[in-house]
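1. Everything below, folded, please.
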Amino acid sequence: MEAVAVIVALFFVAFVVLGVIAAVKAVRAVKRGVDRTVHQTRRTVEDTRLKAKQYTQPGPVGEVAELRLSLRGAMRATQDALRLASAEDASLSEAMGLFERLSEHGHKLDDELRRLEGEPDKARVAARLPELRERADRVRHSANSLRWAAQDRARQFVDDDFAALNDQIDLEAGALRHWVPAADGADGGPGAGGPEGGAAGAARPVPDGGPDGVARPGSDGAAGQGGASDGNRSAISGGGRGWQRPAYPWQKTSRPENGL
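-> Numbers count the residues shown, from 1 in each chain. Next comes the predicted model:
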């Protein structure tokens with residue numbers, strides 16, 4: 001009894017521990033989802049504010065907003081492209097590392113541009129713009145280079161795979177079109193494809209009659225032709241007693257109630 005109690009207690013503790021672990025994982029997943037939603041909301045609000053400032057405040061302040069928008073857009077597009085491609089191509093891990101280092105410079109530049117937005121001295125803003133614009137162009141160029149290289153690599157893999165698939169399909173199609181002709185006499189019986197068989201097949205029965213060659217009524221030749229005709233008709237129409245309808249794999253199973 002004591003052993004049973006110990007086993008039950010162990011099972012109870014294991015279930016409690018598993019429940020706690022599952023609850024912690026669920027809470028963390030919910031927290032990550034909330035954080036992701038909050039981050040996306042803040043990013044959307046910030047982009048909307050920058051677009052409004054770009055069009056409503058011309059001059060240095062509008063140019064600073066435009067620089068921030070272009071920088072954020074290039075970095076975001078490259079990040080999404082690399083994450084999507086790295087899930088299928090492990091060789092992009094080094095490119096992801098380079099992008100992380102580039103993101104640090106991008107964040108620093110974006111922080112400087114954001115502080116410059118609140119600068120009351122417009123002359124100072126105008127004086128800092130050339131340097132900041134050059135740095136933003138360099139960061140955007142590097143981000144675009146990584147993104148375009150990853151996209152070209154993925155497209156090349158797709159093209160190579162499609163070309164290999166086309167080659168395999170061509171080989172299979174050629175194999176399906178290649179067949180061996182049937183042997184002589186396979187369909188027409190012994191000697192059907194040989195010279196003798198051809199001569200015999202070309203020979204025609206002579207009508208039973210007089211020297212003029214006219215067939216007489218009730219002659220054996222007419223009866224033979226009639227029998228052959230009846231036999232052919234039975235073979236084609238299925239009227240013969242021993243004839244059976246050929247079965248095909250695509251036909252439905254016959255039902256006894258309708259006789260089909």
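2. Show me the chain divided up by domain.
-> 1-56, 59-163 (automatic domain parsing).
3. Out of the ones you listed, which gets the lowest mean score?
-> Per-stretch mean pLDDT for the domains of the chain is lowest at domain 1-56 (a mean of 77).
4. picking that back up, which of the domains of the chain sits most buried?
-> Mean neighbours per residue, mean count of other C-beta atoms under 10 Å, is largest over the domains of the chain for domain 59-163, with a mean of 15. To be clear about C-beta, it is placed using only N, CA and C from the backbone, and glycine gets the same treatment.
5. Not counting sequence-adjacent ones, nearest residue to His105?
-> Spatially, and ignoring its direct neighbours in sequence, His105 is nearest to Val139 (5.9 Å; C-beta to C-beta, 6 or more residues apart in numbering).
6. elements contacting the helix or strand hosting that neighbour?
-> According to DSSP states H and E, Val139 maps onto helix 122-177. On a contact count with 3 or more C-beta pairs under 8 Å, 6 or more residues apart in numbering; DSSP states H and E, helix 122-177 meets helix 60-86, helix 93-117.
7. out of the domains of the chain, which comes closest to Glu172?
-> Closest approach to Glu172 among the domains of the chain is made by domain 59-163 (15.2 Å; C-beta to C-beta).
8. Can you show me the CA trace of stretch 23-39 as PDB?
-> Once non-C-alpha atoms are left out, stretch 23-39 reads as follows in PDB (Å, rounded to 0.1, in the frame of the first residue of the first chain):
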ATOM      1  CA  ALA A  23       0.700  27.600 -17.900                       C
ATOM      2  CA  VAL A  24       4.100  29.400 -17.900                       C
ATOM      3  CA  LYS A  25       4.500  28.700 -21.700                       C
ATOM      4  CA  ALA A  26       1.000  29.900 -22.400                       C
ATOM      5  CA  VAL A  27       1.600  33.100 -20.400                       C
ATOM      6  CA  ARG A  28       4.900  33.800 -22.200                       C
ATOM      7  CA  ALA A  29       3.200  33.200 -25.600                       C
ATOM      8  CA  VAL A  30       0.400  35.600 -24.700                       C
ATOM      9  CA  LYS A  31       3.000  38.200 -23.500                       C
ATOM     10  CA  ARG A  32       5.000  37.800 -26.800                       C
ATOM     11  CA  GLY A  33       1.800  38.300 -28.800                       C
ATOM     12  CA  VAL A  34       0.900  41.400 -26.800                       C
ATOM     13  CA  ASP A  35       4.400  42.800 -27.100                       C
ATOM     14  CA  ARG A  36       4.300  42.200 -30.900                       C
ATOM     15  CA  THR A  37       0.900  43.900 -31.200                       C
ATOM     16  CA  VAL A  38       2.000  46.900 -29.200                       C
ATOM     17  CA  HIS A  39       5.300  47.200 -31.200                       C
END
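9. list the contacts for the closest residue to Ser142 other than its chain neighbours?
-> Once flanking residues are discounted, Ser142 sits nearest to Leu102: 5.5 Å by C-beta to C-beta, 6+ apart. Contact analysis of Leu102 by C-beta atoms under 8 Å, 6 or more residues apart in numbering lists 75, 139, 142-143, 146.
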